[in-house]
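>>> What follows is a predicted structure for the sequence shown.
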Amino acid sequence: MDVNSIRLLGTAIAIGMGTLTPALAIGMIGAKSVDAIGRNPEAASKVQTMAILAIAFAEAIAIYALVVALIIKFV
């Protein structure tokens, strides 16, 4: 295997694993927040705020994975 093939494989693994975990986390956050709002509708605004914040942090992990994948590919 040459260096370019290894770089492409590393890029694919980094972006694949780096986006799978946040996608699962965002799905779980959404499911749990809908469940919490269903159980206690009065707390909907607090639950929604916390869910949006947690989704933003989970999405940041995917952005970090993208940066790592780009570094692997081009540096």
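Done, it's in. Residues are numbered from 1 along each chain as shown.
>>> And the residue most central in space within the chain, how close does it get to residue 53?
Per CA atoms, centre = their mean, the C-alpha nearest to the average position across the chain is that of residue 22, at 2.2 Å. Residue 22 is 14 Å from residue 53, where distance means CB to CB, to the nearest Å. C-beta coordinates here come from the backbone N, C-alpha and C atoms, glycine included.
>>> returning to what we had before: against which helices or strands is the helix or strand where the residue nearest to the centre of the chain lies packed?
Counting by DSSP states H and E, the element that carries residue 22 is helix 3-39. Applying 3 or more CB pairs under 8 Å, 6 or more residues apart in numbering; DSSP states H and E, one finds that helix 3-39 makes contact with helix 44-74.
>>> circling back: my guess is the residue nearest to the centre of the chain contacts residue 64. True?
No: contact between residue 22 and residue 64 fails when scored by CB atoms under 8 Å: they sit 9.5 Å apart.
>>> Find the nearest non-adjacent residue to residue 54, please.
Distances taken as CB to CB, 6 or more residues apart in numbering place residue 29 nearest to residue 54, at 5.0 Å, with adjacent residues excluded.
>>> wait, what's in contact with the one you found?
Residues counted as contacts of residue 29 (CB atoms under 8 Å, 6 or more residues apart in numbering) are 51, 54, 55, 58.
>>> What confidence value was assigned to it?
Predicted confidence (pLDDT) for residue 29: 97.
>>> same thing with the one 10 residues further on?
The per-residue pLDDT reported for residue 39 equals 96.
>>> Against residue 32, how distant is it?
Counting by CB to CB, the gap from residue 39 to residue 32 is 11 Å.
>>> Give me the more crowded residue out of those two.
residue 32 (13 against 9; other CB atoms under 10 Å).
>>> what's the pLDDT at the residue nearest to the centre of the chain?
The model's pLDDT for residue 22 equals 94.
>>> Okay, it and residue 59: tell me how far apart.
Per CB to CB, residue 22 is found 6 Å from residue 59.
>>> No more questions from me, cheers.
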